[in-house]
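Q: sequence plus predicted model, see below.
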Amino acid sequence: MSGILAVIAWWLTGFASLIAAMILTWIFRVDRKRRTYPMIAPASLAACAVIGILGPIVVVGLGTLAVLLALDRQASIDSRPIVVMAFPHGSDPYTSCFYHALSRHNVTVINGMAAGRWLLGNLRAVDYVHFHWPSHIYNRPGAMESTRGFAMLLFIVGLARWRGVRILWTAHNLLPHDVCIVPQYDDLSRWLMVRFSARIFVHGPSAAAELARAFPGVLERVVLIDHGHWVDYFPRSLSRQAARQKLGLRCTDFVFLFIGLCKPYKDIGKLIGAFEQMPREAMLVIAGKFPDPAYEREIRAAIDRSQARIILHSGFVPNEDLQLYLRACETVAIPYRDALTSGTALLALSFGRPVVAPALGSLKDVVNNDCGCLYSPEDPDGLRNAMAAAMRGRFDEQEIIAWALKHDWDRSAQIVANCLR
């Protein structure tokens, strides 16, 4: 627009100069009888003619060249890969799948390191810094270690802002599930993410609504994406019968499964209490690592007191062994007290297993009547009633897998890539 106005101004100036030159030529015209030869008028006429005729041509040429150079620069920006520094990248199935999909959309992803010298050397070549779980940077066993970690988080955000690098945050939870030994750091880290993130990625409208209630004013920066499925990501060659034989389960057992890290917010004790009220043909399998030995002792004591049929397999479950438990069970129980997003729900659905879960966050969007039973977290009998409903229900494994396949990593990566351009 400014180039067009400049050309018009040049044309008007040249036209006005040409008219002025003609007037001067008429005023100071050559009078041969008086032998006066005023040369200013012809010179002015020639100069103004050059300005009036050639000036706009030069300006049009320069303007066109400037526009072409600008378009070429924008094309270069659009064609070169966007560089994202991820915290973390590839250390877990979620980031591994997501960034693999994002790399197919002309985005280069590098794994961020919480090291000052490395950041000073590498952050200058980055367009975005993407956080998933900021507490992983600072949450340490001791207060001093946590303080140093939180200082590093401040350094990363501050250095990124100083160098013009934009911040991204995928909100997997409202607040960290593992409370820091200095709990104020959890609140401050969330303030940093909410305050400085250019885009906040959230898994579904229900999770976005909960995020907006917790942090008013964020909706204009929220972008909805899918939590992708795990179909064909984890091995699934075992048959149901073979999996049950390995676990020592009968073919007639109705097996509820809890799988994953065993942490207090996941409320395994409540699950045991609800399961004790299930029929005798029901079986509960708990498989996963206990990061807190005290919590493991608490759960083992609850199992020992229970008369119900409960099997505990304590320890980390490798990716190749997930199929052993998921192929053997009928239903996956997710009795969490707090959840904004649940990768376990997508894991269960990817194996065609229905889910029992609280109506929280993205679970309200992911779990419908054809693939599980939701319950109100405020209802003290909600979990028990949902487990009983799951035992009565009839769920189709292939339909559940088909529903899981609709939660696509590539679609989420495309949405994110569009936001980065």
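A: Cool, got the structure.
Q: pLDDT wise, what is the residue nearest to the spatial centre of the chain at?
A: By C-alpha atoms, centre = their mean, the mean C-alpha position of the chain lies nearest to residue 170, the distance being 3.6 Å. With respect to pLDDT, residue 170 has a value of 98.
Q: report the contact partners of it.
A: Neighbouring residues of residue 170 by C-beta atoms under 8 Å, 6 or more residues apart in numbering: 130-132, 200-202, 225. Where you see a C-beta, it was placed from the backbone N, CA and C, and this is true even at glycine.
Q: tell me the contacts of the closest residue in space to residue 343 that isn't next to it in sequence?
A: Nearest-residue entry for residue 343: residue 94, 6.0 Å, with adjacent residues in sequence omitted and distances by C-beta to C-beta, 6 or more residues apart in numbering. Counting by C-beta under 8 Å, 6+ apart, residue 94 touches 132, 227, 343.
Q: cool, and residue 230?
A: 93, 97, 346-347, 350-351, 404.
Q: filter these down to the ones in helices?
A: Counting by DSSP state H, the contacts of residue 230 place 93, 97, 346-347, 350, 404 in helices.
Q: and which of these is nearest residue 283?
A: Nearest to residue 283 among the ones in helices among the contacts of residue 230: residue 347, at 19.8 Å, using C-beta to C-beta.
Q: ok, that closest one - contacts?
A: Applying C-beta under 8 Å, 6+ apart, the residues near residue 347 are 230, 234, 259, 322, 326, 332.
Q: tally up the residues packed near residue 380, please.
A: A count of nearby residues for residue 380, using other C-beta atoms under 10 Å, gives 10.
Q: are we agreed that it is in a strand?
A: No: according to DSSP: H, G, I helix; E, B strand; the rest coil, residue 380 belongs to no strand; its state is coil.
Q: separation between it and residue 254?
A: Using C-beta to C-beta, to the nearest Å, residue 380 is found at 23 Å from residue 254.
Q: likewise for residue 137?
A: Between residue 137 and residue 254 the distance is 43 Å, computed by C-beta to C-beta.
Q: of those two, who's got more company?
A: Per other C-beta under 10 Å, whichever of residue 137 and residue 254 has more neighbours is residue 137, with 22 against 17.
Q: so what's the more buried one closest to, chain neighbours aside?
A: residue 153 (4.8 Å).
Q: okay, now that neighbour: neighbour count?
A: By other C-beta under 10 Å, 22 other residues sit near residue 153.
Q: residue 342 versus residue 367, what's the distance?
A: Separation of residue 367 from residue 342 (C-beta to C-beta): 9 Å.
Q: mutual contacts of these two, please.
A: By C-beta under 8 Å, 6+ apart, the residues touching both residue 367 and residue 342 are residue 357.
Q: and residue 312, what element?
A: Here residue 312, judged by DSSP states H and E, is contained in strand 310-314.
Q: direction included, what does that strand pair up with?
A: Strand pairing for strand 310-314, using DSSP bridges, gives strand 282-288 (parallel).
Q: need the contact partners of the strand it pairs with.
A: Outside strand 282-288, the residues that reach it (C-beta under 8 Å, 6+ apart) are 247, 249, 253-262, 268, 271-272, 275, 299, 308-317, 325, 328-329, 333, 391.
Q: which of these are buried? Put it as a PyMOL command.
A: The buried residues among these can be selected in PyMOL (16 or more other C-beta atoms under 10 Å) with this line:
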select buried, resi 247+249+253+254+255+256+257+258+259+260+262+268+271+272+275+299+308+309+310+312+317+325+328+329+333+391
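Q: just checking, what packs against the helix or strand just after the strand holding residue 312?
A: Heading C-terminal from strand 310-314, the first helix or strand you meet, by DSSP H and E, is helix 322-328. Counting contacts by 3 or more C-beta pairs under 8 Å, 6 or more residues apart in numbering; DSSP states H and E, helix 322-328 is packed against helix 240-247, strand 254-259, strand 282-288, helix 343-350.
Q: and the next element down the chain from helix 322-328?
A: On the C-terminal side of helix 322-328, the closest following helix or strand by DSSP H and E is strand 331-333.
Q: just checking, residue 84 is part of a strand?
A: Yes: the assignment for residue 84 (three-state DSSP) places it in a strand.
Q: so it touches residue 128, yeah?
A: Yes: contact criterion C-beta atoms under 8 Å: residue 84 and residue 128 qualify, at 4.7 Å.
Q: that concludes my questions; thank you for your assistance.
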